[in-house]
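*Asks:* Need coordinates for the following:
(chains A, B, C and D)
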There are 2 protein chains.
Amino acid sequence: MVVEQLDAPDPEEVIEAAKAAFRDGAMLTVQARCEGEYEGRTSGYLGPGDRILVAKPDGTFLVHQPTGHKPVNWMPGGGTVSPRLSEGGAARGAAEESSGDEPRVAVLLARRTNPSERVEARILDAHGLTRFDASDGASYEESGTEAEMHEYIEQNPAVLEEGLRIVEHERETKYGFIDFFARDADGVPVVVEVKRIQATLNHFDQLQRYVSLYEESEASPRGGGVTAGNEEVRGLLVAPSASERVRRALRDNDLEFVELGEFGTDAKGATEAKLTDF
Amino acid sequence: MVVEQLDAPDPEEVIEAAKAAFRDGAMLTVQARCEGEYEGRTSGYLGPGDRILVAKPDGTFLVHQPTGHKPVNWMPGGGTVSPRLSEGGAARGAAEESSGDEPRVAVLLARRTNPSERVEARILDAHGLTRFDASDGASYEESGTEAEMHEYIEQNPAVLEEGLRIVEHERETKYGFIDFFARDADGVPVVVEVKRIQATLNHFDQLQRYVSLYEESEASPRGGGVTAGNEEVRGLLVAPSASERVRRALRDNDLEFVELGEFGTDAKGATEAKLTDF
DNA sequence: CGTGCCAGGTGCCAT
DNA sequence: ATGGCACTTGGCACG
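*Replies:* So this is what the prediction gives:
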């Protein structure tokens, strides 16, 4: 049996099922009305409502509200999720609990260290529970990444500029990594920063950091010359597009923008994915 | 009935349940062996394996493998998820499908525009399905955010430096937003960038951008003076910590680092959360 | 709607 | 472990 479902389990059943699932390395899904609490890098509280809880064998824990892409609360893998029975009432403070005979509720507590943090979900009403003995050996294969864009540029530096010669890829410098260090047709050094998406001000920042570094570090060994020699380093920001703010920032700082989109589909045999389009 | 569970539903049942759930604005969870495919900002493929699929009424769609915090495939809200029956076989290419009498499989297709992208999950074997008519009016309340750190600094500018006076919060400039614009005890202008976490090179970049901008924009109206007057602007990066690289970058560019952690727990009545510590 | 920027960012890979 | 950086980043706030 790959899955095992419980309908409206009581707290004890939730705890039992959760313990068994974690013991056996199964995934657990619970549909429930619950409260949530997080304490760690920040802290927060989520009042009662209907959510889906997911616990994975690697310690991952997710609390999903009915809307939104991100879990409202979560714990990355590496820690542990421990189920336990607790007194009813709000997670907020014990003061609200008046009498001692409140109904017991199931609690899922996810913890980890480094950073030290915890998520607690108090299951006020479990509507459904599913245990899933999942087995998955596949891993996601992606293409169209910036790494591929780098390869494409390295193979076809002329798409950036005629006569450009790539000297080094991922050059490490005192302040960070330059995507490409190159020289133009006249031998002038060129620092290249590549972005797969529309360029932002932070991307401009990066390029500016690398270029000003280069100016410094290469100018200093000259010694004698005052602000000598090598203002002649160029900076290229390569991206499919850029906002006007970014273009102006580049211009004002004597940096250049190279528009490059649809890499890999230009020169080579392209027009392939168009068939499954609609 | 808040939840409705199906055990090992056949493809037709999956489609029916999915249609009904989407029509009624319910959340859908499916435990299944499936393939995944994404096409949009990049493209990618995920071979067969056991995963949990979650579809929300707002168009959110998630594919979760047995490990990892992030869904392996997903679609943010705003689009639509549409269920449909399709021929069996790999999503990879129609060429692999030899005969026409393959078993039909249920497919969940999530799409949106702007950006145009789609995720397709081909459900090869549905182990379990749960429909959840969830109702959740609560929203997450968080504290310890950078916004609160800003408030704290605005109330207690002396924690940054004795005699510092905050002039403006969130000042907009030509290239972006300065967290604080201030003046020190001598009236010298100070640009302040605040980070809640360990400072990174990008954070240094931001501060550097704002400072050099200030130097420019204030120097130009002076007109006559050659590189006149106002090199005298200071830049402060405020964060709980910073790597050595960042500290050096700051030093080399005549910017300053102010270590500030545990904001709000210093001056005020603190030592509160320590009780629920273990 | 785009632009800028924070996020409990997360994940990957390097030293 | 720490650091630098991309990410189908997502999300919010503001012009």
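
*Asks:* And the helices in the stretch 151-278 of chain A, which stretches?
*Replies:* Along the stretch 151-278 of chain A, counting by DSSP state H, counting those that start in this stretch, helices occupy A:201-219, A:244-252.

*Asks:* what helices or strands is the longest one leaning on?
*Replies:* Applying 3 or more C-beta pairs under 8 Å, 6 or more residues apart in numbering or on different chains; DSSP states H and E, one finds that helix A:201-219 contacts strand A:165-173, strand A:176-183, strand A:189-194, strand A:234-239, helix A:244-252, helix B:201-222. To be clear about C-beta, it is placed using only N, CA and C from the backbone, and glycine gets the same treatment.

*Asks:* what does that helix contact?
*Replies:* Outside helix A:201-219, the residues that touch it by C-beta atoms under 8 Å, 6 or more residues apart in numbering or on different chains are A:173-176, A:178, A:189, A:191, A:193, A:195, A:225, A:227-231, A:233, A:235-237, A:239, A:245-246, A:249-250, A:253, A:255, B:175-176, B:201-202, B:204-206, B:208-209, B:249, B:252.

*Asks:* Same question for the shortest one.
*Replies:* Helix A:244-252 is contacted from outside by A:199-201, A:203-204, A:207, A:237, A:242, A:256-257, B:174-175, B:209, B:216, using C-beta under 8 Å, 6+ apart.

*Asks:* Please determine whether it lies in contact with DNA strand D.
*Replies:* No. Using C-beta under 7 Å from any atom of the strand, helix A:244-252 stays clear of DNA strand D, with a minimum separation of 11.8 Å.

*Asks:* sec struct for the residue most central in space within chain A, please.
*Replies:* In chain A, the centroid-proximal residue (C-alpha atoms, centre = their mean) is A:K70; its distance is 11.4 Å. A:K70 falls in the coil class when you classify it by DSSP: H, G, I helix; E, B strand; the rest coil.

*Asks:* follow-up on the earlier one: among the helices and strands packed on helix A:201-219, single out whichever gets nearest to B:V14.
*Replies:* Taking C-beta to C-beta, strand A:234-239 is the member of the helices and strands packed on helix A:201-219 nearest to B:V14, at 41.9 Å.

*Asks:* same question for the closest one, mean pLDDT?
*Replies:* For strand A:234-239, mean pLDDT is 97.

*Asks:* dump the residue contacts of the closest residue to A:F177 other than its chain neighbours.
*Replies:* Nearest non-adjacent residue to A:F177, counting by C-beta to C-beta, 6 or more residues apart in numbering or on different chains: A:E170, 5.5 Å away. Neighbouring residues of A:E170 by C-beta under 8 Å, 6+ apart: A:F177, A:I178, A:D179.

*Asks:* and DNA strand D, which of those residues reach it?
*Replies:* A:F177, A:D179.

*Asks:* Can you tell me which of the contacts of A:E170 comes closest to DNA strand D?
*Replies:* A:F177 (4.1 Å; C-beta to the nearest atom of the strand).

*Asks:* Look at the closest one and say how many residues are nearby.
*Replies:* For A:F177, the neighbour count with other C-beta atoms under 10 Å in any protein chain shown is 12.

*Asks:* what's the answer for A:S139, then?
*Replies:* So A:S139, with other C-beta under 10 Å, has 11 neighbours.

*Asks:* In contact with the nearest residue to it once chain neighbours are set aside, which residues?
*Replies:* Distance criterion C-beta to C-beta, 6+ apart; nearest residue to A:S139, sequence neighbours excluded, is B:L46 at 7.5 Å. When contacts are counted by C-beta under 8 Å, 6+ apart, B:L46 touches A:A138, A:S139, A:Y140, A:E141, B:E35, B:G36, B:E37, B:V63, B:V72, B:N73.

*Asks:* Which residues does B:L46 form beta bridges with?
*Replies:* With DSSP bridges as the criterion, B:L46 is bridged to B:G36.

*Asks:* Next, the buried residues of the helix or strand of chain A with the lowest mean pLDDT.
*Replies:* Lowest by mean pLDDT, DSSP states H and E among the helices and strands of chain A is helix A:201-219, with a mean of 85. Buried residues in helix A:201-219, counted by 16 or more other C-beta atoms under 10 Å in any protein chain shown: A:201, A:203-215, A:219.

*Asks:* again, but for stretch A:66-82
*Replies:* Neighbour-count burial for stretch A:66-82 [16+ other C-beta under 10 Å]: A:P66, A:H69, A:P71, A:V72, A:N73, A:W74, A:M75, A:P76, A:G79, A:V81.

*Asks:* can you check stretch A:242-249 too?
*Replies:* Buried-residue list, stretch A:242-249, by 16+ other C-beta under 10 Å: A:A242, A:V246, A:R247, A:A249.

*Asks:* quick one: average pLDDT of that stretch?
*Replies:* Taken as a whole, stretch A:242-249 carries a mean pLDDT of 95.

*Asks:* which element is A:E148 on?
*Replies:* helix A:146-155 (DSSP states H and E).

*Asks:* now that helix against strand A:165-173, angle please.
*Replies:* Helix A:146-155 and strand A:165-173 are oriented at 140 degrees to each other (axes from the mean of the first three to the mean of the last three C-alpha atoms, to 10 degrees).

*Asks:* ok, A:L62 touching A:L53?
*Replies:* Yes. A:L62 lies in contact with A:L53 (C-beta atoms under 8 Å); the separation is 7.0 Å.

*Asks:* Give the helix, strand or coil label for the residue nearest to A:T60 when sequence neighbours are not counted.
*Replies:* Among residues not flanking A:T60 along the chain, A:G77 sits closest, at 4.5 Å (C-beta to C-beta, 6+ apart). Here A:G77 is recorded as coil under three-state DSSP.

*Asks:* Hmm, B:P66 and A:G77 touching each other?
*Replies:* No. With contact defined as C-beta under 8 Å, A:G77 does not reach B:P66; the gap is 10.3 Å.

*Asks:* From A:C34, how far off is A:G128?
*Replies:* The gap separating A:G128 from A:C34 is 13 Å, by C-beta to C-beta, to the nearest Å.

*Asks:* In terms of neighbours, single out the busier of the two.
*Replies:* Taking neighbours as other C-beta under 10 Å, A:G128 and A:C34 compare with A:C34 leading, 30 against 23.

*Asks:* Does the host helix or strand of the more buried one pack against any helices or strands, and if so which?
*Replies:* Assigned by DSSP H and E, A:C34 belongs to strand A:27-39. If you count contacts as 3+ C-beta pairs under 8 Å, 6+ apart, strand A:27-39 packs onto helix A:11-24, strand A:43-55, strand A:73-75, strand A:117-132, strand B:27-39, strand B:117-132.

*Asks:* how many neighbours does the nearest residue to A:H150 once chain neighbours are set aside have?
*Replies:* Counting by C-beta to C-beta, 6+ apart, A:H150 lies nearest to A:V194, which is 6.2 Å off, once chain neighbours are set aside. A:V194 has 22 neighbours, counted by other C-beta under 10 Å.

*Asks:* Same check on A:G40?
*Replies:* 15.

*Asks:* and the gap between the closest residue to it other than its chain neighbours and A:M75?
*Replies:* Ranked by C-beta to C-beta, 6+ apart and with sequence neighbours excluded, the top spatial neighbour of A:G40 is A:E117, at 2.3 Å. Plainly put, A:E117 is 7 Å away from A:M75 if you go by C-beta to C-beta.

*Asks:* Common neighbours of those two, please.
*Replies:* A:R111.

*Asks:* if we can go back for a sec, identify the contacts common to A:G77 and B:P66.
*Replies:* Common contact partners of A:G77 and B:P66 (C-beta under 8 Å, 6+ apart): A:K56, A:D58.

*Asks:* Could you find the closest non-adjacent residue to A:T80?
*Replies:* Once flanking residues are discounted, A:T80 sits nearest to A:G59: 5.4 Å by C-beta to C-beta, 6+ apart.

*Asks:* Let me know how buried that neighbour is, in neighbour terms.
*Replies:* A:G59: 19 surrounding residues under other C-beta under 10 Å.

*Asks:* swap in A:A158?
*Replies:* 12.
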